[in-house]
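Visitor: Mind looking at a prediction? Sequence and model below.
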Amino acid sequence: MLRRLWLLFAQAVTVGLALLFVVATLKPQWLGTLSPATRGDGVPVTIQQTVRSDEAARAGAALSYAEAASRAAPAVVSVYTTKETRNPHAGDPLFDRLFGERSRGRGEVETGLGSGVIVTSSGYVLTNNHVVSAADEILVALSDAARR
């Protein structure tokens with residue numbers, strides 16, 4: 001009896017917490033506002049908001065990474081890879097009997113896509129090893145859509 005009561009309580013708490021999470025995520029205004037922040041001595045803390053002028057906003061743009069991203073973007077490349085795979089069961093008498101000649105010798109072409117960065121003026125591209133490790137053919141596309 002005690003175990004059953006405990007399970008009922010645990011389920012009710014779980015459902016209540018799930019409901020609270022859903023409401024807090026989808027309709028936070030239903031929960032009302034939180035009490036104002038207070039310092040350690042109980043005095044409410046006021047937060048001042050100032051509106052930036054256009055000049056200050058332009059100065060803040062220097063803190064943005066948009067310029068750095070626009071300068072680095074031409075060095076980013078797309079790396080396309082292809083690899084021909086062979087059916088691992090080709091030549092197996094059981095599979096030949098079940099599937100006939102369809103399974104014999106016919107491979108598939110796997111394609112992959114990754115990204116890289118041009119790191120030298122001579123065209124060295126830095127990319128992750130898993131992008132190119134097993135590739136039979138590698139094609140690099142520059143940001144201007146030229147493929148090499």
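Guide: Nice, thanks for sending it over. Numbering: from 1, shown residues only.

Visitor: Please report how far His130 lies from Leu26.
Guide: 38 Å (Cβ to Cβ, to the nearest Å). Placement of C-beta: from N, CA and C, glycine included.

Visitor: distance of Leu139 from Val125?
Guide: 11 Å.

Visitor: And for Pro74?
Guide: 13 Å.

Visitor: Ok, Val109 next?
Guide: Where Val125 is concerned, Val109 sits at a distance of 22 Å (Cβ to Cβ).

Visitor: between the two, who's got more neighbours?
Guide: Val125 (17 against 10; other Cβ atoms under 10 Å).

Visitor: nearest spatial neighbour of the more buried one, skipping sequence neighbours?
Guide: The shortest distance from Val125 to any non-neighbouring residue, by Cβ to Cβ, 6 or more residues apart in numbering, is to Gly116 (4.3 Å).

Visitor: Output the helix or strand where that neighbour lies in CSV, but only the C-alpha positions, please.
Guide: Following DSSP states H and E, one finds Gly116 within strand 108-118. What follows is strand 108-118, C-alpha atoms only, in CSV (Å, rounded to 0.1, in the frame of the first residue of the first chain):
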residue,chain,number,x,y,z
GLU,A,108,27.4,2.1,-55.1
VAL,A,109,28.8,5.6,-55.1
GLU,A,110,28.7,7.3,-51.7
THR,A,111,28.9,11.0,-51.6
GLY,A,112,30.0,13.3,-48.8
LEU,A,113,30.1,17.0,-48.1
GLY,A,114,32.2,19.0,-45.7
SER,A,115,33.8,22.4,-45.4
GLY,A,116,37.3,23.7,-45.2
VAL,A,117,39.3,26.9,-45.1
ILE,A,118,42.1,28.0,-47.5
